[in-house]
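1. Quick one, structure for this:
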Amino acid sequence: MIKTKHISNRQILLFFLILGIIIYSQSFFAALVWDDLGLVVNNPLIKQFRLLPYIFTSGLFLTVIGNNFYRPVQSLSLFLDNLVWGNQFAGMHLTNILLHVICAFLLYYLFTLVFKKRLIAFLSACIFLVHPINVEVVSYISGRADSLVLLNLALSFIFYVKFRITPSRRLLIFSSIFFFLALLSKELALSGLLVFVLIDYLLDKKINFKNYLVFLILGAIYLLLRFFVLGFTLGHSTFGILPRLWTFGYYLFDYLKLVFWPVNLHMSYTSVVFNSFSFIVLARLIVVVLFFIFLGFFLRKEKKAFYFCFFWFFIFLTSQSGIFPINAYFAEHFIYLSQYPLFFIILLGLFKVLEGRQRRYLYLSLFSVIIMLSFATFLYGMIWSDPIKFYLRIIKLSPGSFAAYNNLGAELEARGLNQEAEKFYWRAFQLNSKDGLALNNLGKLYFKKGQIKKAIGIFKQGVKKEPNQSALYYNLGKAYSAAGNLEASISEFEKAFKLAQKAAFWDYSLYSELGLLYHQAGKSDLAIAEFEKAIYWQPNNPALHLNLGLVYKDQAKFTLAVEEYLKALKLNPQMPEAYNNLAIVYAITGNQSEAIKNFSKAIQLNNNYYEAKFNLGLLYIKLNELKPALEQLLGIPQSVPFYPLVRKQLETIKKH
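-> Sure thing, here's the model as predicted:
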């Protein structure tokens, strides 16, 4: 018999930590995939201190209008990660591993506390820790919402159990704090309200409404905050409640199958929704019911343990089943909170049935299972290190996955494989012609290839399908600008800006692009206003100061122009354009020595900066210093677009 009484909880935590880091060591090299690009790489919420308050008032996806994920704890954890690790994403992967390890330990501690079955709780935690179905939560940085909500719920339950054993206001306060943090980690934490009732049932405590009041109040505050203060909405589905129930019944079997036989794991399952009850749904439900009846029979002397684990399993799985409208009907991470009690009652049943010498075979079998699961987890985690292999695996196992085709196209485009990327974008569009994302990516690809007219057509098609997506208007505006249609470009940018104020108000590029267009159109005051907004969000961006200086120069506000150019140079002393523009202002205002000095500095930084050579040549001609003027002008090749102007100045010098 394995004895654990001489092993401290600290030693068990250390064991979990070592085991977790070993089997998830490949996660340190895992690629950034799926929502990682939006939540980690391009997420302003986690990169700018001035946006920190918006973590608590906006959705998880700040850049997406109408997103319905209010998870400030997840955003805050990414903010702290970015603060510590910066762009060292291996550090963020380490955080995910640590969260998973802590969850395993807290579940072990909680179930030991309430059941006094330390060995079974430990072995169940080992299986939970190494099971490959959890790779999606651990190897995927954006998947940490599940581990965060489980961590906070487990702590809340632990303090509540201690409160019910030894009543103390302090324990209840700690329990309520962690419950509220769980609510702010992921929406399904609301389901945890039912677990407090289960704990009282398990501990033979009287069901007292007063004990739940603080949690109900916190739940109500969360809902009021979410729906009425912050403006989030209830999820909606195109299918009625009965089709969603049939679909959940169908996928219950798949969840159990993946727990016992975790093969062909992948992200983004293509779900089938059953509009009516069918034989296949019935057959699968019968198997699930028989499984739990069979398990309950062996645990008939442990009814409370069985009922506690049974209801825990369904409370959290039902919350993510699609019965309550969410963004999917089946996903591996949906069972993250439900699996541990399933492992616990299965092992509890085995320990009841197998006694004496048979236990030795049970221990050997469990050791073998943990080793095999660990190996499978390590191998599956390796797939996450290569985005192309990752997406191709999804396409192979779920060929109807729109997102996999679209994301693979983006990955191929990033590697310069534009032709291959185009094929996957088109396939994504064929799978879901109502989604403008693939069209947006296609249009950007054509724009990059210089096929401006084709890009405009694609963007216009996307706008018709998704008229509330600011990115489509933004890119359409850029395409019109490239085509020389300034009026249409401004119109599309203004539409993008109006939509983006709801989601991407922080995006300085919107203000900057609109400022440039207003400047081109001669609307200087509007241009200045946009550049000032851009600088508010990106005060350390030298290009913004350079552009604002250019507008001030054209307005003959030379003092202000000089101030902006000097700010740009303070931020980036190696910026030849700023020296050139500064020199132009000095030349206009009669400070010829400073003009020559700054033109020369621009040329020194970039000897192929022919505009600066031309400007310096003109200044020397004005000063009647023809020899240095000739030297500058002769250094300009005939291939430059403005060479006719250079030739004219050379002819002027010859006349002298």
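2. what's near enough to touch Leu650?
-> With contacts defined as Cβ atoms under 8 Å, 6 or more residues apart in numbering, Leu650 is in contact with Leu630, Leu633, Leu634. C-beta here means a position set from N, CA and C on the backbone, and glycine is covered the same way.
3. So which of these are in helices?
-> Mapping the contacts of Leu650 onto helices (DSSP state H) picks out Leu630, Leu633, Leu634.
4. now the second one, nearest residue through space, not along the chain?
-> The shortest distance from Leu633 to any residue that is not its chain neighbour, by Cβ to Cβ, 6 or more residues apart in numbering, is 4.4 Å, and that residue is Gly617.
5. One more: the last one?
-> The shortest distance from Leu634 to any residue other than its chain neighbours is 7.7 Å, reached at Leu650 (Cβ to Cβ, 6+ apart).
6. any idea how far that neighbour is from Leu83?
-> Here Leu650 is placed at a distance of 57 Å from Leu83 (Cβ to Cβ, to the nearest Å).
7. same check, this time on Asn406
-> Distance of Asn406 to Leu83, computed by Cβ to Cβ: 31 Å.
8. So for the two, which sits in the more crowded spot?
-> Between Asn406 and Leu83, Asn406 has the larger neighbour count (other Cβ atoms under 10 Å), namely 24 against 11.
9. which SS class is Phe531?
-> Using DSSP: H, G, I helix; E, B strand; the rest coil, the structure places Phe531 in helix.
10. close enough to count as contact, it and Asn547?
-> Yes. With contact defined as Cβ atoms under 8 Å, Phe531 counts as touching Asn547 (5.7 Å).
11. Those two: which is more packed in?
-> Neighbours were counted for Phe531 and for Asn547 using other Cβ under 10 Å; Phe531 has more, 28 against 25.
12. Would you enumerate the residues in contact with that one?
-> Phe531 neighbours (Cβ under 8 Å, 6+ apart): Tyr511, Ser512, Gly515, Leu544, Asn547, Leu548, Val551.
13. Look up how far Leu616 lies from the residue nearest to Leu634.
-> Counting by Cβ to Cβ - Leu650 and Leu616 are separated by 14 Å.
14. next one: Leu252
-> Using Cβ to Cβ, Leu252 is found at 76 Å from Leu616.
15. for Leu83, same thing?
-> Here Leu83 is placed at a distance of 45 Å from Leu616 (Cβ to Cβ).
16. Leaving out the residues flanking it, which one is nearest to Leu19?
-> With Cβ to Cβ, 6+ apart as the criterion, Leu19 has its nearest non-adjacent residue at 6.2 Å, and that residue is Leu129.
17. Next up, the contacts around the one you found.
-> Phe16, Leu19, Gly20, Ile23, His100, Val101, Ala104.
18. and the helix or strand encompassing it, average pLDDT?
-> Using DSSP states H and E, Leu129 maps to helix 118-130. What helix 118-130 shows for mean pLDDT is 96.
19. Can you list the buried residues in the helix or strand that it is followed by?
-> Reading on from helix 118-130 to the C-terminus, the next helix or strand found by DSSP H and E is helix 135-138. Neighbour-count burial for helix 135-138 flags Val135, Glu136, Val137, Val138 (criterion: 16 or more other Cβ atoms under 10 Å).
20. Run the chain-centre distance for the helix or strand bottoming out on mean pLDDT in the chain.
-> Every helix and strand in the chain was compared by mean pLDDT, DSSP states H and E; the lowest is helix 508-520, with a mean of 74. Computed by Cα atoms, centre = their mean, to the nearest Å, the chain-centroid distance of helix 508-520 equals 27 Å.
21. same check, this time on stretch 531-546
-> 26 Å.
22. Between its first and last residues, what's the separation in that stretch?
-> 10 Å (Cα to Cα, to the nearest Å).
23. what kind of secondary structure is Val273 in?
-> Reduced to three states with three-state DSSP, the structure at Val273 is coil.
24. Surely it and Phe248 touch.
-> No. Between Val273 and Phe248 there is no contact under Cβ under 8 Å: 10.3 Å.
25. what sits in contact with each of those two?
-> What both Val273 and Phe248 touch, as defined by Cβ under 8 Å, 6+ apart, is the set Tyr329.
26. Of the two, which one has the most company?
-> Shown here are Val273 and Phe248; by other Cβ under 10 Å, Phe248 has more neighbours (21 against 14).
27. Was I right to think the more buried one contacts Gln320?
-> No. Using Cβ under 8 Å, Phe248 is not in contact with Gln320; the gap is 9.8 Å.
28. quick one on the thing from earlier: now, the contacts of Leu129 that are in helices?
-> Phe16, Leu19, Gly20, Ile23, His100, Val101, Ala104.
29. need the contact list for the fourth one.
-> For Ile23, the contact set (Cβ under 8 Å, 6+ apart) comprises Leu129, Val130, Ser374, Thr377, Phe378, Gly381.
30. most surrounded residue in the residues you listed?
-> Leu129 (28 neighbours).
31. Tell me how far that residue lies from Ile102.
-> Distance from Leu129 to Ile102, by Cβ to Cβ: 11 Å.
32. Tell me which residues touch the residue lying closest to Phe56 once chain neighbours are set aside, please.
-> Spatial nearest neighbour of Phe56, excluding adjacent residues (Cβ to Cβ, 6+ apart): Pro72 at 4.8 Å. Pro72 sits next to Ile55, Phe56, Leu184 when contact means Cβ under 8 Å, 6+ apart.
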